[in-house]
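*Asks:* Structure for the following, please:
(chains A and B)
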Amino acid sequence: MKTIKLAPATWGTIGGIALLAVLLFAVAPAALDAFRLGQLAKYLCWAIAAVGIGLAWGRGGMLVLGQGLYFGLGAYAMAFHLKLEQAGPDGVPDFMKLYAGGVMPAWWEPFRSGAFTIAVIAIVPALVAGIIGYAVLKRRVKGAYFAILSQALAAAFAILLIGQIKSTGGSNGLNNFTTFFGYNLYLPENKVMIYQITAAVLIVALVIVAVLYRSRYGELLVAARDAEERVRFLGHDPANIKLVAYVVAAFLAGLGGAMFVPVVGIITPSNVDALASIALLAGVALGGRAALFGPVVGAIAIGYAQSALSENFPGSWSYFQGALFIIVILLLPGGLASLFARMRRTPAHTQVQLKQEEVPA
Amino acid sequence: MTSTEHDEAAPGRLTVRGLTVEFDGFRAIDGVDLMLLPGQLHFLIGPNGAGKTTLVDAVTGLVKAQGTATYEGHDLLTTKSHRIVRLGVGRTFQTATVFEELSVLQNLDIAGGVHRSAWRMILPRGAAPTYVEEALEAIGLADLRDRPAGSLAHGQKQWLEIGMLLVQDAKVMLLDEPVAGMSAEEREETGALLRRIGGERTIVVIEHDMDFVREYADWVTVMHAGKVLTAGSVAQVQADEQVQEVYLGRTADAVLHEDDTAAAAEGSEI
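*Replies:* Just a heads-up that it's a prediction; the model follows:
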């Protein structure tokens, strides 16, 4: 084996991930009080999903407007398990006593097992994305049609959750969790541990995506985004290339959703519906969709702004969010990351740049 | 054409029989027969709208067609575009489409993806494979390997595209007006390049430039209004009265002049 020479861009990536790890594991727990650390953990859950959106949208050109679906699949799987933990062995979740006469559907039963739940979180979002993505991408659905379709999926998912009140808690969602795999959720040290798990998942997500960006596959994905027909005549089916990115993005959204439940302590359809999906996307647009760290920075910034603005101007957040989205798309299509790149003037070939005309209207 | 059923599967043989392409009742191609043998520089000429590009589109899976088109016995009309490429039939387009943000080397390397398994795609690039180096030498862009492809001159982009076909190891290369818009020297270099890489490959060039055709063609097929008018050596074709009538009858100047407007129009042709 010959030694691998790493390009400067790679050292930048490794350094960036290391710096983020230091910030998340050393600086943030020391600098923030318990409440703010919990807030940050929530933003990190969105950031995990955002990293996947960066891959699918920024590099793959798929405007994934409905990642709430996959976020929700991961979140609800986790919530099922935590409800059953709370109910105790052979117990029935409290809300079912209220809505369903204490009868638990049989398909809830396996979620008593932690291992089964983790397997569902790891597999189901990716599997669903694989099936939907295969059907959609093989038919060469793209652009606005793809965006509308993905948005509709998230909307339909939320409606389904609300409709199935006996097994999902309806629009109230699932809440009132007491333990997380046996750890008491009310103890401060366990809250810190859950924060650390979330931060670790985010770091792993970044590493996965960084490896993909650096690989030949990453180049091919950008190539399929910019010149799909040309890629076809390189002997590749662009649908397969995009499908991989779509599935990875769904997988990451599922992980983010799963951590969201113990972090926040509640999951409702409004956390996973079309609006929530757009909020995820807005963060990615703000941070810079094609840059590795852009989605993370954007998701945290959006989360922070949402909290800060909601505290000061209740009810006006969605207007701010809409305005922000428009401003970024119009004035800063590459997001905050493009400001950074402009300042550093990195050589063109180490950086994947966005073409102006690809910005969706 | 002397082909029989059994030798259609012969190595490198592309056979087209009774190929018909219809767009809303309009027959863009009307029963074309064609046999392409390896080792020949084959030119496809004809006035605008003759169906040259459509023929290539049909053979490479871009438009639906009736009739038969086989490569080494594989039915091309029911095969998807990317599979046709993997069989060894590659093509270029009238406007060179290279990946502008990637370097020359990366462009060639990406074309080598057909030789890689899916799992190896997640590895970063180590050194460039030898076939990439060879292609780089063949197209004369070795000195520009690290330049972004977007910064190349028009002619160099066309060579890069041909280089990508070399990396793919395409046995049949269908080149759609590779010298359009090139300077005289670039045309000469392109001709020499096509001769060099010819060997056992089958190269089909769609061309308008009659000087270029005269210089390099081993075999010329003339199309007109969706049909093959005639085929043969340059001399045979030029001597054909029908050809003179529909195409070569006009002065070379007129034909060349038509090119300039044609090159732009042909993209939307049919």
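*Asks:* any idea how far residue A:168 is from chain B?
*Replies:* Residue A:168 sits 37 Å away from chain B, going by CB to the nearest CB, to the nearest Å. Heads up, the C-betas are built off the backbone N, CA and C, glycines and all.
*Asks:* do you know how far residue B:228 is from residue B:242?
*Replies:* As defined by CB to CB, to the nearest Å, residue B:228 lies at a distance of 11 Å from residue B:242.
*Asks:* Actually, residue A:169.
*Replies:* Per CB to CB, residue A:169 is found 80 Å from residue B:242.
*Asks:* Residue B:203 too?
*Replies:* Residue B:203 sits 26 Å away from residue B:242, going by CB to CB.
*Asks:* Tell me which of those two has more neighbours.
*Replies:* Using other CB atoms under 10 Å in any protein chain shown as the criterion, residue B:203 and residue B:242 rank with residue B:203 on top: 26 against 14.
*Asks:* Just say helix, strand or coil for that one.
*Replies:* Secondary structure, DSSP: H, G, I helix; E, B strand; the rest coil: residue B:203 is strand.
*Asks:* Tell me which residues touch the spatially closest residue to it that is not a sequence neighbour, please.
*Replies:* Of all residues not flanking residue B:203 in the chain, residue B:173 sits nearest, at 4.8 Å (CB to CB, 6 or more residues apart in numbering or on different chains). Residue B:173 makes contact with B:90-92, B:162, B:165, B:201-204, according to CB atoms under 8 Å, 6 or more residues apart in numbering or on different chains.
*Asks:* touching chain B at all, the helix or strand where residue A:209 lies?
*Replies:* Here residue A:209, judged by DSSP states H and E, is contained in helix A:188-214. Yes - on the criterion CB under 8 Å from any CB of the partner chain, helix A:188-214 is in touch with chain B at A:211-212, A:214.
*Asks:* about what we covered before: confidence score at the residue nearest to residue B:203?
*Replies:* Confidence at residue B:173, expressed as pLDDT, is 95.
*Asks:* Got phi/psi on it?
*Replies:* For residue B:173, the backbone dihedrals (degrees, to the nearest 10) come out as phi -120, psi 120.
*Asks:* ok, what's across the strand from it?
*Replies:* In this entry, residue B:173 is beta-bridged to residue B:90, residue B:203, by DSSP bridges.
*Asks:* quick one: residue B:56 from chain A, how far?
*Replies:* 11 Å.
*Asks:* was I right about residue B:132 contacting residue B:113?
*Replies:* No - contact criterion CB atoms under 8 Å: residue B:132 and residue B:113 do not qualify, at 11.3 Å.
*Asks:* Quickly name whichever of the contacts of residue B:173 is closest to residue B:212.
*Replies:* For those, the residue nearest residue B:212 by CB to CB is residue B:203; the value is 13.2 Å.
*Asks:* can you list the weak-confidence ranges in the chain?
*Replies:* Assuming you mean chain A. Along chain A, segments meeting pLDDT under 70 span A:1-8, A:344-361.
*Asks:* try again with chain B
*Replies:* Where chain B drops to pLDDT under 70, the residues are B:1-6, B:247-270.
*Asks:* swap the cut-off to 80 and go again
*Replies:* Chain B contains residues with pLDDT under 80 at B:1-11, B:96, B:113-128, B:244-270.
*Asks:* Those residues of it touching chain A, which are they?
*Replies:* Near chain A, when you scan chain B using CB under 8 Å from any CB, you find B:60, B:80-82, B:85-86, B:90-91, B:93, B:97-103, B:106, B:109-111, B:113-114, B:116, B:120-127, B:146, B:148, B:164, B:168.
*Asks:* from memory residue B:19 sits against residue B:69, does it?
*Replies:* Yes - if you go by CB under 8 Å, residue B:19 and residue B:69 touch, sitting 5.9 Å apart.
*Asks:* so how far is residue A:54 from residue B:96?
*Replies:* Distance of residue B:96 to residue A:54, computed by CB to CB: 30 Å.
*Asks:* Among the two, which residue is more densely surrounded?
*Replies:* residue A:54 (33 against 21).
*Asks:* Okay, strands next: where are they in the stretch 101-250 of chain B?
*Replies:* Using DSSP state E, counting those that start in this stretch, the strands found in the stretch 101-250 of chain B span residues B:172-176, B:202-206, B:219-224, B:227-232.
*Asks:* Put the alpha carbons of the first one into PDB.
*Replies:* The C-alpha trace of strand B:172-176 is given here as PDB (Å, rounded to 0.1, in the frame of the first residue of the first chain):
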ATOM      1  CA  VAL B 172     -17.400   2.600 -30.900                       C
ATOM      2  CA  MET B 173     -17.100   6.400 -30.700                       C
ATOM      3  CA  LEU B 174     -19.900   8.500 -32.000                       C
ATOM      4  CA  LEU B 175     -18.700  12.000 -32.300                       C
ATOM      5  CA  ASP B 176     -21.200  14.800 -33.100                       C
END
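*Asks:* What angle do strand B:202-206 and that strand make with each other?
*Replies:* 10 degrees (axes from the mean of the first three to the mean of the last three CA atoms, to 10 degrees).
*Asks:* show me where chain A has strands.
*Replies:* Assigned by DSSP state E, chain A shows strands spanning A:174-175, A:179-180, A:183-184, A:266-267.
*Asks:* Mean neighbour count and distance to residue A:237 for those strands - can I get that in TSV?
*Replies:* Formatted as TSV, those follow (neighbours: other CB atoms under 10 Å in any protein chain shown; distance: least, CB to CB, whole Å):
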stretch	mean neighbour count	distance to residue A:237
strand A:174-175	20	40
strand A:179-180	18	42
strand A:183-184	12	46
strand A:266-267	22	37
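*Asks:* Relative to residue A:72, which of those strands is closest?
*Replies:* Ranking those by proximity to residue A:72 (CB to CB) places strand A:266-267 first, at 7.7 Å.
*Asks:* Tell me the strands beside the closest one, with direction?
*Replies:* Short version: by DSSP bridges, strand A:266-267 pairs with strand A:174-175 (antiparallel).
*Asks:* And the contacts of the partner strand?
*Replies:* Residues from elsewhere that reach strand A:174-175, judged by CB under 8 Å, 6+ apart: A:76, A:79-80, A:82-83, A:93, A:95, A:168-169, A:261, A:265-268.
*Asks:* Report the two of these separated the most.
*Replies:* Within these, two members stand farthest from each other by CB to CB: A:168 and A:265, at 16.7 Å.
*Asks:* okay, these two: which has more neighbours?
*Replies:* Ranked by neighbour count (other CB under 10 Å), residue A:168 and residue A:265 place residue A:168 first, with 23 against 17.
*Asks:* Quick check, the more buried one in contact with residue A:161.
*Replies:* Yes - if you go by CB under 8 Å, residue A:168 and residue A:161 touch, sitting 4.8 Å apart.
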